[in-house]
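1. Sequence and predicted model, in that order:
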Amino acid sequence: EHVPGYPVSAAKGFGSGSSSSSGGKTARKERRRQKKDGESQIRHTQRVAQDARRRAEQIVKEIDTQDDGPNDFFWKIIPALLDSEYKRQDIPRVHEFIEISSGQKPFPSEILEDPRRPCDNLHAYFPGIPAPSPFRDSTEIPFVSEIIGNLSTISDEFRRLVDSDAAQVQFRSVTNMNYKNGWQTLPLYYNGKTIAGFPYELCPVLSDILSRIPIAGRIAGFNRQSPKTGIPRHTDGNNMWLTCQIGISIPKDADSWIEVGGQKMLYQSGKPLVYDTTFPHETFNESEDEDRVVLHIDFWNFLALSPIEISALQKVYAYRQKYLEAEGLPQSM
């Protein structure tokens, strides 16, 4: 029994040996506590996942698919799917994005009252992403300097791809607008994912760089604009990603350009352009007989989105892709 006024070790009569024994017991007790906490956390995570699954199942039961279209069904079930993997307090803006995109909440004033960016074509909006200007400073995007430093090699890889006879290497129109206006794409990524059967071994340097970029849910690849054609003025449907284009093969006899938000920029070999497609934009190749080719990368706006927000949005898009495939609906968002 502890004697008042004496250290515990002295009262027990073990001196320094008592401290060692006590320290060992303390360490074992700490290990047991950590193990118990770990098991408790696992049980909590399992309960959260089970609750989310039950909630999703209940939502499915409650939805009358004859009254709600398939798009409504998706947006109603996606919050529960995210709850099984993320804490709501970690991704509040993602859930607000879902509410806005599903029509539960109106577009915020930051876009409705921005005369520079018409919102007629917006169908997915993420709150709180600034839009200071149509074009962004490319030096803020780390992968741009890496591409520029390897541009000669990447240009050689582009020619190697074009000269190959691989079935997956072909320029194609990814939208009706592109098909009608002389713009075609040789995609290395489509809907944010690699393409099965694509000969990435023919472009190892570019493939390595792209693998470390948060490619968004559209494309990464080479865009070709035919002579005397251009994409008409338009805006794209969401504000979560930015677009980077870098000149690979630019006509020498005439200008080829892009205009974003009223600012016109000429394409130049090796010159990067990073822009926000929620601003009205259009292109034109004024050459009589030369194509214009740029490396095109749509990427998640990591300047304004946190890593966990990007991860959650990638999940939303992955679920969306699978849902559209199951429903046999057009695979766009």
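-> Sure, I can see it. Residues are numbered from 1 along each chain as shown.
2. tell me the phi and psi of residue 310?
-> Backbone torsions of residue 310, given as degrees, to the nearest 10, read phi -60, psi -40.
3. Just to check, it is in contact with residue 304?
-> No. If you go by CB atoms under 8 Å, residue 310 and residue 304 don't touch, sitting 10.2 Å apart. Backbone N, C-alpha and C define where each C-beta goes, glycine included.
4. Compare neighbour counts for these two and give me the winner.
-> residue 310 (19 against 16; other CB atoms under 10 Å).
5. mind checking how far the more buried one is from residue 30?
-> 36 Å (CB to CB, to the nearest Å).
6. Once you drop chain neighbours, what's closest to residue 121?
-> The spatial neighbour of residue 121 that comes closest, neighbours along the chain excluded (CB to CB, 6 or more residues apart in numbering), is residue 235 at 5.0 Å.
7. same deal with residue 122?
-> residue 237 (5.9 Å).
8. and residue 319, what element?
-> helix 307-327 (DSSP states H and E).
9. Quick one: residues contacting residue 302.
-> Taking CB atoms under 8 Å, 6 or more residues apart in numbering, we find residue 302 in contact with 214, 310.
10. same deal with residue 283?
-> Under the contact definition (CB under 8 Å, 6+ apart), the residues listed for residue 283 are 183, 225, 230, 231, 256, 257, 258, 259.
11. Now render those residues as a markdown table, adding distance to residue 289.
-> Compiled in a markdown table, those are given as follows (distance: CB to CB, whole Å):
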| residue | distance to residue 289 |
| --- | --- |
| 183 | 17 |
| 225 | 13 |
| 230 | 16 |
| 231 | 20 |
| 256 | 13 |
| 257 | 17 |
| 258 | 20 |
| 259 | 23 |
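12. Now these in a markdown table, please, with extra columns for distance to residue 77 and secondary structure.
-> Output for the contacts of residue 283, formatted as a markdown table (distance: CB to CB, whole Å; DSSP: H, G, I helix; E, B strand; the rest coil):
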| residue | distance to residue 77 | secondary structure |
| --- | --- | --- |
| 183 | 35 | strand |
| 225 | 40 | strand |
| 230 | 41 | coil |
| 231 | 35 | coil |
| 256 | 45 | strand |
| 257 | 44 | strand |
| 258 | 39 | strand |
| 259 | 40 | strand |
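13. any chance of those in a markdown table, plus neighbour count?
-> Output for these, formatted as a markdown table (neighbours: other CB atoms under 10 Å):
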| residue | neighbour count |
| --- | --- |
| 183 | 23 |
| 225 | 26 |
| 230 | 20 |
| 231 | 20 |
| 256 | 23 |
| 257 | 15 |
| 258 | 24 |
| 259 | 18 |
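14. Out of these, which is nearest to residue 148?
-> Distance to residue 148 across the contacts of residue 283 (CB to CB) is lowest for residue 258, with 18.2 Å.
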